[in-house]
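Student: Structure of the sequence below:
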Amino acid sequence: MFVLARRPYRLRSHLLTALLVLCLPALAAAAGSAERGGPHTITVNGEGTASAPPDEALVQLGVEERSADAQKALAAAAEAMNAVVAALRGQGVAEADITTSEYSVDFVQAEQSSGKGSYRARDIDAVTIRSIGKLNGVLDAAARAGANQIEGIRFTIADSATLEMRARADAYAQAHSRALQLAALAGVALGPVQTMSESGGVPPISGPFFHASAAAAPLVSPGSLSVTVRLNIVYTIR
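Tutor: Alright, predicted model coming up:
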């Protein structure tokens, strides 16, 4: 009876010993990882900005005509728009850079209840001007040809990638300089980059909306466009 009573104890002892043997490698690895810890890092931000004058413009322009008869309003708008397109082509605007963006006709009630309404026909084109130096001349020619709707001027840069590269280089130089300074102050050596992320870009700039008379369009100044790139960089230190 005495021998039989001790067997369960011996069995449990052997099981515990086997479990410890199996767990020792994992425990040793976890202890080593905890002792070593993750890499020490420095996180810095950098911002770079580059500016340049725009070299392209996108303009919404066209005509609006009214008549008591819808067909007459449409015919008047078509005739006027043909003259405007001819003027644009005369200024060197390519046919591929002239795209219809709105063609509509609707009935407009008279301001006074006793008066009669009229039909309003609109024919608007999106015009891309590839040479910014021709912008004012193109607008003036369109207005003189009969364009009475000139609106939504937006300036852009055809090759914005070069501008972004300049801003990115400045952002990296600023961030790296900060990292070097922080490492020196902390008495550590700067290691390689662990992670890097970027934000920013070239936003299009829109000009004012205005309605030009048939006499002439107002002068437009494109100014300059700026692109800002922001970098977040994590360096390892040792």
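
Student: So the protein: which segments form each domain?
Tutor: Domain ranges of the chain: 1-37, 41-51+161-202+230-237, 54-158+204-223, per automatic domain parsing.

Student: Turn those domains into TSV, including mean pLDDT.
Tutor: Output for the domains of the chain, formatted as TSV (pLDDT from 0 to 100):
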stretch	mean pLDDT
domain 1-37	46
domain 41-51+161-202+230-237	94
domain 54-158+204-223	87
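
Student: Include mean neighbour count when you put those into a markdown table, please.
Tutor: Just so you know, the C-beta spots here come from the backbone N, C-alpha and C atoms, and that holds for glycine as well. Below are those laid out as a markdown table (neighbours: other C-beta atoms under 10 Å):
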| stretch | mean neighbour count |
| --- | --- |
| domain 1-37 | 9 |
| domain 41-51+161-202+230-237 | 16 |
| domain 54-158+204-223 | 16 |
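
Student: Just want the phi and psi numbers for residue 41.
Tutor: phi -140, psi 160 (degrees, to the nearest 10).

Student: Just list the residues touching residue 126, thanks.
Tutor: Residues in contact with residue 126 (C-beta atoms under 8 Å, 6 or more residues apart in numbering) are 58, 59, 60, 98, 99, 100, 101.

Student: so what's the last one closest to, chain neighbours aside?
Tutor: If I follow you right, that is residue 101. residue 126 (4.3 Å; C-beta to C-beta, 6 or more residues apart in numbering).

Student: beta partners of the one you found?
Tutor: residue 60, residue 99 (DSSP bridges).

Student: quick one on the thing from earlier: with respect to residue 51, which of the contacts of residue 126 is nearest?
Tutor: Each of these was checked against residue 51 using C-beta to C-beta; the closest is residue 58, at 19.9 Å.

Student: what number of residues lie near residue 159?
Tutor: Neighbourhood size, residue 159 [other C-beta atoms under 10 Å]: 10.

Student: Next one: it from residue 54, what distance?
Tutor: As for residue 159, its distance to residue 54 is 11 Å (criterion: C-beta to C-beta, to the nearest Å).

Student: Residue 110 should be in a helix, yeah?
Tutor: No - Residue 110: not assigned to a helix; according to DSSP: H, G, I helix; E, B strand; the rest coil it is coil.

Student: Can you report phi and psi for residue 87?
Tutor: Torsion angles, degrees, to the nearest 10, at residue 87: phi -70, psi -40.

Student: Find the nearest non-adjacent residue to it, please.
Tutor: Residue 87 sits nearest to residue 145 (C-beta to C-beta, 6+ apart), 3.6 Å away.

Student: need the contact list for that neighbour.
Tutor: Contacts of residue 145 (C-beta under 8 Å, 6+ apart): 83, 84, 86, 87.

Student: can you give me the strands for the protein?
Tutor: For the chain, the strands defined by DSSP state E occupy 41-52, 56-67, 98-108, 118-129, 149-156, 190-201, 205-206, 225-237.

Student: In JSON lines: those, plus distance to residue 74.
Tutor: Below are the strands of the chain laid out as JSON lines (distance: least, C-beta to C-beta, whole Å):
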{"stretch": "strand 41-52", "distance to residue 74": "43"}
{"stretch": "strand 56-67", "distance to residue 74": "8"}
{"stretch": "strand 98-108", "distance to residue 74": "6"}
{"stretch": "strand 118-129", "distance to residue 74": "5"}
{"stretch": "strand 149-156", "distance to residue 74": "15"}
{"stretch": "strand 190-201", "distance to residue 74": "42"}
{"stretch": "strand 205-206", "distance to residue 74": "30"}
{"stretch": "strand 225-237", "distance to residue 74": "39"}
